[in-house]
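J.: Next come a sequence and a model predicted from it.
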Amino acid sequence: MRWLTVLLGAAIIAAVTAVVIVLPKEPPARRPAERKAPAAPQASLFTDPCGTFDTGTRTPYAVTGYWLVPTSNECTWRKQLEAIHKVGGDTVIRLGTGLQPRFVDDDGRIMTKDMEVDPRYAPCEEDGLTCVQAAERDLKKFNRNNRITWTYVYRTDERFGDGVFRCPSVERSITVGKTVFHRLIAPQDGSDDSGCDFTKPRNYHLIIIAAARQDSLTQLLDLADRFRMQVFPALPLAPRNP
C-alpha cells in the first residue's frame, strides 16, 4: 500500500512537470513607451550682491528723518535705508563736505594739514604738470600777471556734469582712474564776472574737486524711491568757528 502511494505521488509530479514544459509561457506585458519631457532650459541665476529688498511693515517711531554719511557702497546705503524704513523713517539727509583751504608746495603739490603731500589730490596732473601748475599756466596765457593766490579742495562721491563750469576756457575735468578731478577758478575779490574775461591781471582762487566717475547721488535717489522716502542731497557742514 505504501509503494502504491509513492508511485501515485511520482506520477502526479511527472504530470505537473510535463504540463509546465508543454504549455508556452505568456509573453510579458508590454509597457507603453515612456516619453521623456524635454529638459527645461536653465536660466542663469541672478544674485543681487546687496541681498533682497525688505520693504515690509513699518514700526512707527517718533523720529522720521535720519542723517547719512556719504558713501560709494550701494549695499551700505540699502541696509541703512531698510533699517530706517522699519522704524517708520521717511526722510534721509546726506551730510555734506566743506571747502578746505590748503597750502601748495614749491612743486605745485597740494598739502595736508600736517604739511605732507595729500595722496588724494596728488594724481591730478595735466601735461606733466600738477593741476595747480596747469591752472596757473592757463590763466597766464590770457595775462602773464594772473596769479593763483589760494587753493581749496573739495571731495565728493558724486559725478558732476559740465554745468559746474562757468568758464570752460580755464575750467575742466581731469579723469584719473576712478576719480574725476574738476578744476574751478574764482576771482579772489568775490566778484561775479559772467564774461569770463581773464585778460585783465587779477588774483584768483583755485578749487580742486575730487569727484567720482559714477554718481552715487543717483543711486541714493533710486534706492529711496523703492522705500518711498524723500532725500535731501546734502547740507553743508556747520561752521566750526564761533
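T.: Looks like it came in fine.

J.: Could you report the distance from Asn145 to Thr71?
T.: In this view, Asn145 and Thr71 are 44 Å apart by C-beta to C-beta, to the nearest Å. Any C-beta I mention is one placed from the backbone N, CA and C, and that applies to glycine too.

J.: nope, Phe165 is what I was after
T.: Following C-beta to C-beta, the distance that separates Phe165 from Thr71 is 26 Å.

J.: likewise Arg147?
T.: Applying C-beta to C-beta to Arg147 and Thr71 gives a distance of 38 Å.

J.: ok so, going back, which of Phe165 and Thr71 has more residues huddled nearby?
T.: Neighbour tally, Phe165 and Thr71, criterion other C-beta atoms under 10 Å: the higher count belongs to Phe165, 18 against 14.

J.: Would you confirm that that one contacts Ile185?
T.: No: at 9.3 Å, Phe165 does not count as touching Ile185 under the criterion of C-beta atoms under 8 Å.

J.: Mutual contacts of these two, please.
T.: Counting by C-beta atoms under 8 Å, 6 or more residues apart in numbering, the shared contacts of Phe165 and Ile185 are Glu171.

J.: Where do the helices of the chain begin and end?
T.: Using DSSP state H, the helices of the chain run over 2-22, 74-86, 131-142, 216-226.

J.: chain center to the last one, what's the gap?
T.: Taking C-alpha atoms, centre = their mean, to the nearest Å, one finds the center of helix 216-226 at 11 Å from the center of the full chain.

J.: Buried ones in that helix, by neighbour count?
T.: 216-217, 219-220, 223-224 (16 or more other C-beta atoms under 10 Å).

J.: do the same with the third one
T.: Applying a neighbour-count criterion of 16+ other C-beta under 10 Å, one finds 131-136, 138-139, 142 buried in helix 131-142.

J.: quick one: which of these is nearest Ala122?
T.: Using C-beta to C-beta, Cys131 is the member of the buried residues of helix 131-142 that sits closest to Ala122, with 9.9 Å.
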